[in-house]
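A.B. asks: Any chance you could fold what I've pasted below:
(chains A, B, C and D)
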Number of protein chains: 2
Amino acid sequence: MLDDRKIKVLYAIINSYIVSAEPIGSRTITKKYDLGVSSATIRNEMSDLEELGYLNKPHTSAGRVPSDKAYRLYVNQLLNTGKLKMDIKKKEEIKKALISEASEIDELIQNSAKVLSAITSYTALALSPQLKKSKLKHIQLLPIDDLKVLLVLVNDSGIVKNTIFRLDKKIDEDQLIVISNFLNHKLKGLTIEDIGREMDNDIFKEMYEYKKIIDNIIPIINKTFNDIDSVEVYADGVNKIFDFPEYKDLDKAKSFISFIEDKELLANILLSNTNGNEIEITIGNENIYDPIKECSLITTTYKLGDVTIGKIGVIGPTRMDYPMVINALKLFSANLTEILEMLVGR
Amino acid sequence: MLDDRKIKVLYAIINSYIVSAEPIGSRTITKKYDLGVSSATIRNEMSDLEELGYLNKPHTSAGRVPSDKAYRLYVNQLLNTGKLKMDIKKKEEIKKALISEASEIDELIQNSAKVLSAITSYTALALSPQLKKSKLKHIQLLPIDDLKVLLVLVNDSGIVKNTIFRLDKKIDEDQLIVISNFLNHKLKGLTIEDIGREMDNDIFKEMYEYKKIIDNIIPIINKTFNDIDSVEVYADGVNKIFDFPEYKDLDKAKSFISFIEDKELLANILLSNTNGNEIEITIGNENIYDPIKECSLITTTYKLGDVTIGKIGVIGPTRMDYPMVINALKLFSANLTEILEMLVGR
DNA sequence: ATTAGCACTCAATGTTAACGAGTGCTAACA
DNA sequence: TGTTAGCACTCGTTAACATTGAGTGCTAAT
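C.D. replies: Predicted coordinates:
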């Protein structure tokens, strides 16, 4: 359907448009790319490509611009031919940049978005780890003073959460240890969901003696666990969008930036954008939401052990530098997975 | 120097410009504000006001625009006459909105910026609590498994930090308790700075038996304490800037947004903007940095006990609605101080 | 099948004129 | 002496119109 020359012409247009953001005319192609034919021939090919849906004309006397379909073809080929190379040296550089700031996992992810945006010069998005299935590893109550108690929860991914709360009545350290031990015994190894159920089951009747204290504590455990579960989206380099001529229009820029500010929506998009491949790409109109129908979203995942727990990606104009971004994302995916392994140290 | 009528004319121009963002002509004033004189008289007054530096002309045949000096006069009067009223009902509304999301202090502050931006429709900034002078209240080591240990630090403001780290050698719970007790004994009640000094002093020679383990732990304590100390700046509603006609120019908008993205710079600005008053206002050229020389920055503080520990404020065009913003900030300051009191529960 | 040539299209750019909000000055007035 | 009506003047804004030039599509010759 697309003979060799058509592909060459199409790729010339895509490559040219990716750097210039200007519609390409037939003469430009004959000059910049040596295809051995005249501009008139190119014109005919372009006319064909337009009919096939790979090119668009902004208006009659402008050049032509690649369509989403063209990018899709280009990107699929890119992903299949595996021509993308893993630059080990660069990988280590990135790793260093990521590690230097990372003491907590959320910080690591946030910093990753920053570095990714700096490297690619597009807006970067990152989804904090999802740990719904993670299990409680340790629960402990510590006395702060007569009335205040610190609750510490640790899950098997090494995420720690804590809350200070205040009791109505004095409690001594020994009592807290008894309660801690009991909670540990009952809840250790359960997932967040399990614990929610367990709580309802009034497992605490055995602890009659401490009923009042435990009644105080339960909602706090619940809330704290829900916090662990909460999804955070980090965005960095939002203002990079100003660098692209297609966003010289203020309304467009505004709508893009407002869109990126809606973290809840972003979380849903990132979570739903899952086809099982290492790299996932949504081009232009493939996006559901209007404000980013002229953007491409490229994401990858990061793992803890064998489980995918989060995502990181890049969003920018459809004419983005796909090979560069895909390479960068591969490095980030690998690095994050390695660093998490190390941080959690299993 | 400024007679009564000049003041009236000036205020008319300021008020009009604050809502319209358009230069005001003499006729507009005679029509909209009944000053009992003709436009020619106003014209003369305006000419005088310009000579005195209170008005600017964008160009010969435009109307006039208030200068920074005019805003300064207006704002000083506003702050002195104390005409600003505290709306108790609104205060409670805001309080509710702030509390609903606040389980941790940083979250509370972040959420405050969000609510403040929503209420004022300007960009809101907030500085997370500064606790350099806070004291260690509790330190504890908890076993996670054979090799991993959780370090928990609590300070007297109720801020909790923790880190998981891994030891070279197995350690049992009893040993951890001994070390915990020792550290508590030695370090409790000291400020972050004190602890840094204490650490260098090799206080641990008494604990010869656990030297190796403690040597492992010290840098972790240090790092964790530095984390507590770190300043965070939250910005919300950055894209509100697009609503103002003075930012219809893309470069201006870009430079503003880039400026707000530099959190370190913002932190310095917020920290330095301290004159000891409840409300602090920097107008236009009083700002040091070029990108916000056409903005005003209004901030207030929030406290824990008697100590100012953070700031929250609003940044927008110099023609901002000062009375509204000042009122809002007063409510936020009072509410945050109350909520912190409650959260930390001293 | 390719290509040179040419008429045609249309956004972008430049030029000019008309418009009108607003100023500043002058002279008359109370 | 302060106020005001009147008027010439300024200057950014807008609209209308012509010009330019990159690019297309078609045709006829190679």
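
A.B. asks: need the contact list for A:Ser128.
C.D. replies: Residues near A:Ser128 by Cβ atoms under 8 Å, 6 or more residues apart in numbering or on different chains: A:105-106, A:109, A:231-234, A:310. (Glycine included, C-beta is placed from N, CA and C.)

A.B. asks: okay, the residue positioned nearest the centre of chain A: pLDDT?
C.D. replies: Central residue of chain A (Cα atoms, centre = their mean): A:Ile312, 2.7 Å from the mean position. pLDDT recorded at A:Ile312 is 97.

A.B. asks: Farthest-apart pair in the contacts of A:Ser128, please.
C.D. replies: A:Ile105 and A:Val233 (14.7 Å; Cβ to Cβ).

A.B. asks: from the middle of its chain, how far away would the helix ranked longest in chain A be?
C.D. replies: In chain A, with assignment by DSSP state H, the single longest helix is helix A:322-344. Centre-to-centre, helix A:322-344 and its host chain are 11 Å apart (Cα atoms, centre = their mean, to the nearest Å).

A.B. asks: Which one of the residues in chain A is closest to DNA strand D?
C.D. replies: Ranked by Cβ to the nearest atom of the strand, the top residue of chain A for proximity to DNA strand D is A:Gly25, at 2.6 Å.

A.B. asks: how many neighbours does that residue have?
C.D. replies: Using other Cβ atoms under 10 Å in any protein chain shown, A:Gly25 has 18 neighbouring residues.

A.B. asks: Work out for me the element the residue nearest to the centre of chain A sits within.
C.D. replies: A:Ile312 is located in strand A:307-317, with elements delineated by DSSP states H and E.

A.B. asks: Quick check: buried residues in that strand?
C.D. replies: A:308-317 (16 or more other Cβ atoms under 10 Å in any protein chain shown).

A.B. asks: where does chain A dip in pLDDT?
C.D. replies: Residue ranges of chain A with pLDDT under 70: A:82-83, A:102-103, A:131-133, A:157-159, A:199-208, A:228-229, A:345-346.

A.B. asks: What residues of the helix or strand hosting A:Ala97 count as buried?
C.D. replies: Assigned by DSSP H and E, A:Ala97 falls within helix A:88-100. Buried positions in helix A:88-100, judged by neighbour count with 16+ other Cβ under 10 Å: A:91, A:94-95, A:97-99.

A.B. asks: then that helix to PDB, C-alphas only?
C.D. replies: What follows is helix A:88-100, C-alpha atoms only, in PDB (Å, rounded to 0.1, in the frame of the first residue of the first chain):
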ATOM      1  CA  ILE A  88      24.800   2.600  29.500                       C
ATOM      2  CA  LYS A  89      26.800   5.600  30.300                       C
ATOM      3  CA  LYS A  90      23.900   7.900  30.200                       C
ATOM      4  CA  LYS A  91      21.900   5.500  32.200                       C
ATOM      5  CA  GLU A  92      24.500   5.700  35.000                       C
ATOM      6  CA  GLU A  93      24.400   9.500  34.800                       C
ATOM      7  CA  ILE A  94      20.700   9.600  35.300                       C
ATOM      8  CA  LYS A  95      20.900   7.100  38.100                       C
ATOM      9  CA  LYS A  96      23.300   9.300  40.000                       C
ATOM     10  CA  ALA A  97      21.000  12.300  39.500                       C
ATOM     11  CA  LEU A  98      18.000  10.300  40.800                       C
ATOM     12  CA  ILE A  99      19.800   8.800  43.800                       C
ATOM     13  CA  SER A 100      21.300  12.000  45.000                       C
END
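
A.B. asks: now what about that helix, what contacts it?
C.D. replies: A:108, A:111-112, A:115, A:119, A:331-332, A:334-336, A:338-339.

A.B. asks: Check which helices and strands the following helix or strand past that helix sits against.
C.D. replies: Once the chain leaves helix A:88-100, the next helix or strand it forms, by DSSP H and E, is helix A:105-120. Using 3 or more Cβ pairs under 8 Å, 6 or more residues apart in numbering or on different chains; DSSP states H and E, the elements in contact with helix A:105-120 are helix A:88-100, strand A:123-127, strand A:233-236, strand A:307-317, helix A:322-344.

A.B. asks: what distance separates the fourth one from the centre of its chain?
C.D. replies: This points to strand A:307-317. Put simply, strand A:307-317 sits 3 Å off its chain's centre (Cα atoms, centre = their mean).

A.B. asks: Check the first one too.
C.D. replies: Between the centre of helix A:88-100 and the centre of its host chain there is 19 Å, according to Cα atoms, centre = their mean.

A.B. asks: what's the angle between it and helix A:105-120?
C.D. replies: Relative orientation of helix A:88-100 and helix A:105-120, computed by axes from the mean of the first three to the mean of the last three Cα atoms, to 10 degrees: 140 degrees.

A.B. asks: quick check: angle from helix A:88-100 to helix A:322-344?
C.D. replies: Going by the same axes, to 10 degrees, helix A:88-100 makes 50 degrees with helix A:322-344.

A.B. asks: Count the residues that sit near the closest residue to A:Ile292 other than its chain neighbours.
C.D. replies: Closest residue to A:Ile292 apart from its sequence neighbours, by Cβ to Cβ, 6 or more residues apart in numbering or on different chains: A:Phe259 at 6.2 Å. Neighbourhood size, A:Phe259 [other Cβ under 10 Å]: 19.

A.B. asks: Contact partners for A:Phe259?
C.D. replies: By Cβ under 8 Å, 6+ apart, the contact set of A:Phe259 is A:265, A:289, A:291-292.

A.B. asks: Beyond the helix or strand that contains it, next helix or strand please.
C.D. replies: Following DSSP H and E, one finds A:Phe259 within helix A:250-261. Next helix or strand after helix A:250-261 toward the C-terminus (DSSP H and E): helix A:263-272.

A.B. asks: name the helices or strands packed onto that next one?
C.D. replies: Judged by 3+ Cβ pairs under 8 Å, 6+ apart, the packing partners of helix A:263-272 are strand A:123-127, strand A:233-236, strand A:307-317.

A.B. asks: report the angle between the axes of the longest one and helix A:250-261?
C.D. replies: This means strand A:307-317. 170 degrees.

A.B. asks: Partner strands of strand A:307-317 and their direction?
C.D. replies: For strand A:307-317, the paired strands and their directions (DSSP bridges) read strand A:123-127 (antiparallel), strand A:295-304 (antiparallel).

A.B. asks: Provide the angle between the direction of the last one and the direction of helix A:263-272.
C.D. replies: Pointing back at strand A:295-304 there. Using the same axes, to 10 degrees: strand A:295-304 against helix A:263-272 is 70 degrees.

A.B. asks: same deal with the shortest one?
C.D. replies: Inter-element angle recorded for strand A:123-127 and helix A:263-272: 80 degrees (by the same axes, to 10 degrees).

A.B. asks: What is the distance between strand A:123-127 and the centre of its chain?
C.D. replies: Relative to its chain's centre, strand A:123-127 lies at 5 Å (Cα atoms, centre = their mean).

A.B. asks: in that strand, what counts as buried?
C.D. replies: For strand A:123-127, a neighbour-count test (16+ other Cβ under 10 Å) marks A:123-127 as buried.
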